[in-house]
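[1] Requesting a structural model of the entry that follows:
(chains A and B)
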Amino acid sequence: MSGEPVNGNGAGIVTRGLRKTFGHLVAVEGLDLTVPRGQIFGLLGPNGSGKTTTIRLLTGLIPPTSGSAEVVGIDVVHEPEKVRRRIGYMSQRFGLYPDLTVRENLEFYAGVYGLGSAERKTRIAEQLDAYVLGGRVRQLAGTLSGGWKQRLSLACATTHRPDLVFLDEPTAGVDPASRRLFWQLIHREAKAGMTVLVTTHYMDEAEQCGQLAFLSRGHLIGVGTPKEITERFGLPTVEDVFIELQRRDEGAMA
Amino acid sequence: MSVRTDVARWPFWAMLKKEFIQMRRDRLTLAMMLGIPALQLALFGYAIQTEVRHLPTIVLDESRSGESRRFIHALLNTGNFDLHGFVQGRDEIETVLGRGEARAAVVIPPEFERDIKRGRTATAQVIVDAADPLASNAAIAGAGLAGATRSQALGAARGVRPAIEVRVRPWYNPAIRSAVYIVPGIVGVLLTITMIVIASIALVRERERGTLEQLIVTPIGRTSLLLGKIVPFLLVGYVQITVILLLGRILFGVPVRGSIPQLYLAALPFIVASLAVGLFISTLVGTQAQAMQLGFFFLLPNILLSGFMFPREAMPEVAQWIGAALPLTYFLKILRGILLRGVGLEALWKEAAVLAGFATVLIAMSVVRFRKSVE
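    Coordinates of the predicted model:
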């Protein structure tokens, strides 16, 4: 595989002064974020710090109060549908149909993304293989265990070969072996040129990201490689930084 | 890319296929969609029939003769009257009817048998508690029928003149088979309520489950999404019509005098309009429970103001306007026209056109209101 980025040059995500309020509550404040293409970019922060809101803004699920956001080079505020053709999304909740089988879920999403029938067939076969789902094509998605569900979700979100995927706490509540397998799959997609924006509460996962961004009460308070982050805060691990931030957060609220 | 591959790649097909699979797997809902109409039909149909037949009846027999007994027997034989007891005077009739113990009274005058024997026309009187128009219709019809039956039996033996005249006349349908009128209405009412409820729930359920959020982030268009959701229910609608008409025929002998294909054709805009109302509701509410409530709220004016139970001509003007805004009002005219009067769409095209208008406008309204966002 060549090192040439699949999607040309430029950033995967660029936001400028992105802001979102719900009534009096400020969920995201003046977010300036740049995510390079082909990178695994981790979004960290305590619960309620604005991670999910940021992802929802970037996928066009909610409109921003002010500011701008470009995803894969397209203005997501004004042309969300154009963006949607080229991104994949895994929400925090299991978003697939529990009463459809593994294959039916894959077929549905391939169809919704407009894949032709021949392409659909080959892509689904590839995905079943790549995401280690082969043994359970006929099982109802609702009866899968956590790790399988997450792999199926990621497979559904990437069947149409998006340039960028948003993963909102994809491994929450999943056993360690499944988490490791899941991250191997994320790395493989990134290597193939896909930009990945992921949120997580697992620090071993955060340390696997190319860059990290810390959110605290809607503000971006630090961006850099895991190494840069720990050095800047003068703490030994990313987890220490996280706990320190959460402590400050709670202090500010009290 | 050719038009054909474009059409084949339309996300609508994926949506349609998914909905069919889910419908097939959701046995309970499917059973409810088909079982409830059958149950409702039986309830409506039988309840209204027992109501109208078997009226508790008192008899004042001043003739006390063979002829008067035979006439009473004929009355009871119609099935519209049940003998509650005999009374001795007119004031007693007033008391018993007033208390609601009986709902009809038969008065046979002393000269009843004598008149018959002398070749004159004997008269009998039927008094009905008219508070319930359906009940009084039944009494009137039953009395007329009994009089006619007896007169015929006697008439065979004597001349041309009727032997007995009952001072009430049968209206239009001597057997007063209410089910015949009610069943076409039930087709419309049940269709509209099930279509509205299942369409409103279908979309809200995806929202509650979190699958709608996933779907919104895909490039599927609003039209594909909404049409893919409701088209499978068209099939359910047609199955419902068929079930109700078949059961109506088997249980109540409801006729189909006009053309079934024309009826099914006219049902299309009505079903689409009802589904669109459901979709519109789903854009207003957040939970399935709210969708249900709003759906049933819509049911009431449909039952009361569409002409299903009460003639619209008798309603105050405001009620008539509201009725005119309900698709069911027009579909009922079509149903009754085709099923009972045997007329075709050449006579009912105006109603069909109004329904098509409703369907188009309501679908457009839902598509416009539906936002691909989660706020």
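
[2] which residues sit against stretch A:239-254?
    Contact with stretch A:239-254 is made by A:44-46, A:49, A:203, A:206, A:214, A:216-217, A:221-222, A:229-230, A:233, A:235, as judged by Cβ atoms under 8 Å, 6 or more residues apart in numbering or on different chains. Glycine gets a C-beta too; all of them are placed from N, C-alpha and C.

[3] Looking at those residues, which are in strands?
    A:44, A:214, A:216, A:221-222 (DSSP state E).

[4] Distance to chain B and pLDDT added to these, as CSV?
    Formatted as CSV, the ones in strands among the contacts of stretch A:239-254 follow (distance: Cβ to the nearest Cβ, whole Å; pLDDT from 0 to 100):
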residue, distance to chain B, pLDDT
A:44, 22, 93
A:214, 25, 92
A:216, 24, 88
A:221, 26, 87
A:222, 28, 86
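
[5] before we move on, back to that, which two of the contacts of stretch A:239-254 have the greatest separation?
    Spatial extent of these (Cβ to Cβ) is set by the pair A:217 and A:230 at 21.6 Å.

[6] before we move on, back to that, would you mind writing the PyMOL command to select the buried ones in the contacts of stretch A:239-254?
    PyMOL command restricting those to the buried ones, with burial defined by 16 or more other Cβ atoms under 10 Å in any protein chain shown:
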select buried, chain A and resi 44+45+46+49+203+206+214+216+217+222+229+230+233
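
[7] Which strands and helices lie in contact with the host helix or strand of residue A:129?
    Assessed by DSSP states H and E, residue A:129 sits inside helix A:117-130. Contacts defined by 3 or more Cβ pairs under 8 Å, 6 or more residues apart in numbering or on different chains; DSSP states H and E place helix A:117-130 against helix A:102-112, helix A:146-158.

[8] quick one, which of those helices is nearest to residue B:71?
    Nearest to residue B:71, of all those, is helix A:102-112, at 71.1 Å by Cβ to Cβ.

[9] Can the closest one be said to contact chain B?
    Yes: against chain B, helix A:102-112 shows contacts by Cβ under 8 Å from any Cβ of the partner chain at A:104, A:107-112.

[10] Name the nearest residue to residue B:125, sequence neighbours excluded.
    Leaving aside its sequence neighbours, residue B:125 sits nearest to residue B:107 (Cβ to Cβ, 6 or more residues apart in numbering or on different chains; 4.2 Å).

[11] Work out the gap between the helix or strand harbouring the one you found and the centre of the chain.
    Counting by DSSP H and E, the element that carries residue B:107 is strand B:104-108. Offset of strand B:104-108 from its chain centre (Cα atoms, centre = their mean, to the nearest Å): 32 Å.

[12] Neighbouring strands of it in the sheet, and parallel or not?
    strand B:55-61 (parallel), strand B:122-128 (antiparallel) (DSSP bridges).

[13] What about the residue of the stretch 1-150 of chain A found nearest chain B, how many residues nearby?
    The nearest approach of the stretch 1-150 of chain A to chain B comes at residue A:111, 2.6 Å away (Cβ to the nearest Cβ). Neighbourhood size, residue A:111 [other Cβ atoms under 10 Å in any protein chain shown]: 26.

[14] Do you know the pLDDT at the closest residue to residue A:43 other than its chain neighbours?
    Of all residues beyond its chain neighbours, the one nearest residue A:43 is residue A:199 (4.6 Å), with distances taken as Cβ to Cβ, 6+ apart. Here the pLDDT value assigned to residue A:199 is 96.

[15] In contact with residue A:199, which residues are there?
    With Cβ under 8 Å, 6+ apart, residue A:199 has these contacts: A:42-45, A:51-52, A:55, A:167-169.

[16] Point out the least confident one among those.
    residue A:45 (89).

[17] if I pick it, what's in contact with it?
    Per Cβ under 8 Å, 6+ apart, neighbours of residue A:45: A:51, A:199, A:214-216, A:245.

[18] how does it look with 10 Å?
    Applying Cβ atoms under 10 Å, 6 or more residues apart in numbering or on different chains, we find residue A:45 in contact with A:51, A:54, A:199, A:201, A:213-221, A:242, A:245-246, A:249.

[19] Okay, it and residue B:374: tell me how far apart.
    21 Å (Cβ to Cβ, to the nearest Å).

[20] Quick one: residues contacting the residue nearest to residue B:125.
    B:58-63, B:87, B:90, B:93, B:123-127, B:167.

[21] Now list the buried members of those.
    B:58-61, B:63, B:87, B:93, B:123-124, B:126-127.

[22] how about the helices in chain A?
    Taking DSSP state H, the helices of chain A run over residues A:51-58, A:80-84, A:102-112, A:117-130, A:146-158, A:176-191, A:203-206, A:226-233, A:238-253.

[23] May I see these arranged in a markdown table, with distance to residue B:68 as well?
    Converted to a markdown table, the helices of chain A look like this (distance: least, Cβ to Cβ, whole Å):
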| stretch | distance to residue B:68 |
| --- | --- |
| helix A:51-58 | 85 |
| helix A:80-84 | 84 |
| helix A:102-112 | 76 |
| helix A:117-130 | 83 |
| helix A:146-158 | 82 |
| helix A:176-191 | 91 |
| helix A:203-206 | 98 |
| helix A:226-233 | 107 |
| helix A:238-253 | 94 |
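
[24] Comparing the ones you listed, which yields the minimum mean pLDDT?
    helix A:238-253 (a mean of 80).

[25] Just tell me which of the helices and strands packed on helix A:117-130 ends up closest to residue A:38.
    The closest of these to residue A:38 is helix A:146-158. By Cβ to Cβ, the value is 14.4 Å.

[26] With chain A as the reference, measure out to residue B:206.
    Between residue B:206 and chain A the computed distance is 9 Å (Cβ to the nearest Cβ, to the nearest Å).

[27] and the closest residue in space to that residue that isn't next to it in sequence, how many residues sit next to it?
    Leaving aside its sequence neighbours, residue B:206 sits nearest to residue B:212 (Cβ to Cβ, 6+ apart; 4.0 Å). Other residues within reach of residue B:212, judged by other Cβ under 10 Å, total 18.

[28] Tell me who's in contact with residue B:212.
    Residues in contact with residue B:212 (Cβ under 10 Å, 6+ apart) are A:95, B:203-206, B:225, B:372, B:374.

[29] Go ahead and report the secondary structure state at the closest residue to residue B:341 other than its chain neighbours.
    Nearest residue to residue B:341, sequence neighbours excluded (Cβ to Cβ, 6+ apart): residue B:257, at 6.7 Å. Of the three states, residue B:257 takes coil under DSSP: H, G, I helix; E, B strand; the rest coil.

[30] what number of residues lie near residue B:257?
    By other Cβ under 10 Å, the residues close to residue B:257 number 11.

[31] May I ask which of the residues of helix A:102-112 next to chain B has the most neighbours?
    When the residues of helix A:102-112 next to chain B are compared by neighbour count (other Cβ under 10 Å), residue A:109 ends up highest, at 30 neighbours.

[32] and residue B:6, which of the helices and strands packed on helix A:117-130 is closest to it?
    helix A:102-112 (13.7 Å).

[33] who does that closest one touch, helix- and strand-wise?
    helix A:117-130, helix A:146-158, helix B:11-25, helix B:211-216, helix B:222-252 (3 or more Cβ pairs under 10 Å, 6 or more residues apart in numbering or on different chains; DSSP states H and E).

[34] Just say which of these is most tucked in.
    When the helices and strands packed on helix A:102-112 are scored by mean count of other Cβ atoms under 10 Å in any protein chain shown, the highest mean neighbour count falls to helix A:146-158 (a mean of 23).

[35] That helix packs against which elements?
    Looks like helix A:146-158 contacts strand A:87-90, helix A:102-112, helix A:117-130, strand A:164-168, helix A:176-191, helix B:211-216 (3+ Cβ pairs under 10 Å, 6+ apart).

[36] Kindly recompute the last result at 7 Å.
    Identification of packing neighbours for helix A:146-158 by 3 or more Cβ pairs under 7 Å, 6 or more residues apart in numbering or on different chains; DSSP states H and E yields strand A:87-90, helix A:102-112, helix A:176-191.

[37] With that, I have no additional questions.
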